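K.L.:
coordinates only, sequence not included:
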């Protein structure tokens, strides 16, 4: 069984269909399916390349709408759940945006796909709260 990898924002990278770092490698077909799914859900407005959809984890110089890794670095914490300001307005907005995709995911995803996305993204608040304790 693979260990959970919780990102600074609470996403579970080990469940993420984009995460390609060993031992979580994805085939070209799996990445293409993820890119197609991202468009159906509304995460993207077109099908992106496998290179664009694949992820090797958060880094301070990666694009992030909420600049979570940068903020954590500046505050000297590994993830938001360890921050004395958690949950800040930035993370509340992040949680709200993530939740806004739930209805589309339920509508267009198979049960298996939805469960994967739920574990990877929709449980970020729970993951951060668990990590905080």
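P.N.:
Thanks, I have it. Just so it is clear, the structure is predicted and the values come from calculations on it, not from any experiment.

K.L.:
Please enumerate the helices of the protein.
P.N.:
Taking DSSP state H as the test, the helices found in the chain are 28-41, 50-53, 68-75, 89-100, 102-108, 111-117, 124-132.

K.L.:
How far does stretch 24-44 sit from its chain's centre?
P.N.:
Put simply, stretch 24-44 sits 13 Å off its chain's centre (Cα atoms, centre = their mean, to the nearest Å).

K.L.:
Run through who's touching it.
P.N.:
Contact with stretch 24-44 is made by 2, 13-14, 16-20, 45-50, 52-54, 101, 104-105, 108-109, 113, as judged by Cβ atoms under 8 Å, 6 or more residues apart in numbering. For every residue, glycine as well, the C-beta is placed using N, CA and C.

K.L.:
Would you mark the buried spots in that stretch?
P.N.:
The neighbour-count criterion (16 or more other Cβ atoms under 10 Å) identifies 24, 26, 30, 31, 32, 34, 35, 37, 38, 41, 43 as the buried residues of stretch 24-44.

K.L.:
what's the most distant pair in the residues you listed?
P.N.:
Across these, the longest distance by Cβ to Cβ is 20.6 Å; it joins 24 and 41.

K.L.:
now the angle between helix 89-100 and the helix or strand of the chain with the lowest mean pLDDT, please.
P.N.:
Across the helices and strands of the chain, mean confidence by mean pLDDT, DSSP states H and E is lowest for helix 124-132: a mean of 84. Interaxial angle, helix 124-132 versus helix 89-100 (axes from the mean of the first three to the mean of the last three Cα atoms, to 10 degrees): 130 degrees.
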